[in-house]
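1. 3D model of this:
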Amino acid sequence: MEHRELSSHNLAEAITAMTDTEVTQYIRDERKTGRLSWAVRLLNTDVLSPDDLRSERAMEAIRRLGFI
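-> From the prediction side, this is the model:
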């Protein structure tokens, strides 16, 4: 997944649509390349959004990643 091209909204959608195995692989890949913190920061920004749907979607993606 080339996530630098993804908006936070699309990143959250992509993560919430992943299977558990895909999430595990995504975390491994992102840690290995040093981009996991970028993804989490992007999602955290959306958690604070006044748009309830955007905030909830980002929160669910962070949950799927295991950070909550």
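2. Count the residues that sit near Arg64.
-> 19 (other Cβ atoms under 10 Å). Using the backbone N, CA and C atoms, a C-beta is placed for each residue, glycine as well.
3. so it is in which element?
-> helix 52-65 (DSSP states H and E).
4. what helices or strands is that helix leaning on?
-> Under the contact criterion of 3 or more Cβ pairs under 8 Å, 6 or more residues apart in numbering; DSSP states H and E, helix 52-65 touches helix 8-17, helix 20-33, helix 36-47.
5. contacting residues around that helix?
-> 8-9, 11-13, 15-16, 18, 23, 26-27, 39-40, 43-49, 68 (Cβ atoms under 8 Å, 6 or more residues apart in numbering).
6. Tabulate the helices and strands packed on helix 52-65 (JSON lines), appending distance to Ile62.
-> Shown next, in JSON lines, are the helices and strands packed on helix 52-65 (distance: least, Cβ to Cβ, whole Å):
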{"stretch": "helix 8-17", "distance to Ile62": "8"}
{"stretch": "helix 20-33", "distance to Ile62": "11"}
{"stretch": "helix 36-47", "distance to Ile62": "5"}
